[in-house]
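>>> return atomic coordinates for the entry below.
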Amino acid sequence: MASSRMLQAVNLSSTTAEYGSLFLAAIGLGTIAYLYRDSLSCSLRRLVNNDAGCRVPKQDLANSRCIVRRMQLQSANCVVFFGSQSGNAQDMATKIAREAQSRYGLTVLVADLDDYDYDGLHAWPADALAVFVLASYGDGEPTDNAQRFFDFMAVEQQPPLTGTHPCGACGTPPWASGTQTT
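Predicted structure coming up:
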């Protein structure tokens, strides 16, 4: 019933990009809910294991490819990662970042997936939000700047994720069947 009211409130002349923005905002809110749900157990696990995450000398912080260190340097509590071939996902990531800053007061960093290493992701701060805006092409292949991340996530030695993981994929309806399962 509430969803039918929302549909009536949406202007029918809105573009697909605006619908995509709403969908991605919903994914972002779901991600926030997930991160706060398990944050205490993740923090305790890191304390018990003495896991410091990325180990980068202080003089190299500004040039670090470790996203966790970059977040600390810029005092960011949200990172919007993007993987884009034509720039559409990058534009959407920038819009989401602006919205997160203006509506929720987050300190947001927009990050190209190819600009960072992923070894420090296990030390992701429990109170930080990660949003991924990823485009695909062909039959759901990752974009050029998301290929390394895709390969990293596909490695079988990665520890399994536990808990609830809000995840979704949206695509233009004629091509949605080409989107790989998330």
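>>> only C-alpha atoms for contact and neighbour calcs from this point on.
Noted.
>>> in stretch 131-139, which residues are buried?
Judged by neighbour count (16 or more other C-alpha atoms under 10 Å), stretch 131-139 contains these buried residues: 131, 132, 133, 134, 135, 136.
>>> isn't there a strand covering the third one?
Yes: residue assignment for residue 133, taken from DSSP: H, G, I helix; E, B strand; the rest coil, places it within a strand.
>>> show me what contacts residue 81?
93, 110, 111, 112, 113, 130, 131, 132, 133, 134 (C-alpha atoms under 8 Å, 6 or more residues apart in numbering).
>>> redo that, cut-off 7 Å
Counting by C-alpha atoms under 7 Å, 6 or more residues apart in numbering, residue 81 touches 110, 111, 112, 113, 131, 132, 133.
>>> including pLDDT and distance to residue 101, could these go into CSV?
Shown next, in CSV, are these (pLDDT from 0 to 100; distance: C-alpha to C-alpha, whole Å):
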residue, pLDDT, distance to residue 101
110, 94, 12
111, 93, 15
112, 93, 18
113, 91, 21
131, 90, 13
132, 89, 16
133, 91, 17
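>>> how about the strands in the chain?
Assigned by DSSP state E, the chain shows strands spanning 78-83, 108-112, 129-134, 136-137, 141-142.
>>> reformat these as CSV; add distance to residue 99.
Shown next, in CSV, are these (distance: least, C-alpha to C-alpha, whole Å):
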stretch, distance to residue 99
strand 78-83, 11
strand 108-112, 10
strand 129-134, 13
strand 136-137, 24
strand 141-142, 26
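>>> least reliable of these by average pLDDT, please.
With a mean of 84, strand 136-137 has the lowest mean pLDDT of these.
>>> let me know the pLDDT of residue 4.
According to the prediction, residue 4 has pLDDT 51.
>>> now this protein, which segments are flagged as low pLDDT?
Applying pLDDT under 70 to the chain flags residues 1-26, 28-63, 156-182.
>>> so who does residue 101 touch?
In this structure, residue 101 makes contact with 107, 108, judged by C-alpha under 7 Å, 6+ apart.
>>> try it again with 10 Å
Contacts for residue 101 (C-alpha atoms under 10 Å, 6 or more residues apart in numbering) come out as 78, 95, 107, 108, 109.
>>> mind giving me the ChimeraX command for buried ones among the residues you listed?
Buried residues within the contacts of residue 101, by 16+ other C-alpha under 10 Å, are selected in ChimeraX with:
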select :78,107,108,109
